[in-house]
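Dropping the sequence and predicted coords here.
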Amino acid sequence: MQFYARKKYEVRGARYECNTLYHIHQKMIYHLITPKEWETAKNQPSYAAESLTLEGFIHCSTAVQVARTANNYFKNQPEMLVLHIKEDNLTDAVLKHEANSYDVFPHIYGRIVREAVVSETLIKQNNDNIFEDFLG
């Protein structure tokens, strides 16, 4: 998202006024869920993956991690739904955990409130049964 705002500057005693372009970068994280699971959960005020009960948090990914996560954990699912979660809209903490020496994954320590899910993307395996890159 971007917007313009009128900004006043003073440089060496001279005053300037101009339109300045601002970019707003939303902090987005992504959660993989089956379309069937989301169909049941999407009209509820919040959603809790099974991992919240079992492990104490909900697994999420960054945009560049989505396809790899889908291929590693959802090989038997021909399609998955990616929930686009605006981190600032969550009511519970998001902590980043190092999974290995080069990957840090976001985890939500609570339920995903419906207002935090700003969009959904259906991803499908290709003819080789691989989820391809996800661009967010």
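Structure's in. What do you need? Numbers count the residues shown, from 1 in each chain.

partners of the residue nearest the centre of the chain in the sheet?
Closest residue to the average C-alpha location of the chain: Ile29 at 2.0 Å, with C-alpha atoms, centre = their mean. In this entry, Ile29 is beta-bridged to Ile85, by DSSP bridges.

correct me, but it touches Ile58?
No: taking contacts as C-beta atoms under 8 Å, Ile29 lies outside contact range of Ile58: 9.8 Å. C-beta coordinates here come from the backbone N, C-alpha and C atoms, glycine included.

shared neighbours of those two, anything?
Counting by C-beta atoms under 8 Å, 6 or more residues apart in numbering, the residues touching both Ile29 and Ile58 are Ile108.

pLDDT below threshold where in this structure?
1-26, 101, 136 (pLDDT under 70).

Now do the helices in it.
For the chain, the helices defined by DSSP state H occupy 35-41, 50-55, 66-73.

list the buried ones in the first one?
Going back to what we said before, that points to helix 35-41. By neighbour count on 16 or more other C-beta atoms under 10 Å, the buried set for helix 35-41 is 38, 41.

and if you look at the longest one?
Within helix 66-73, the residues that count as buried by 16+ other C-beta under 10 Å are 66-67, 69-70.

Show me what that helix is packed up against.
Counting contacts by 3 or more C-beta pairs under 8 Å, 6 or more residues apart in numbering; DSSP states H and E, helix 66-73 is packed against strand 28-33, strand 117-124.
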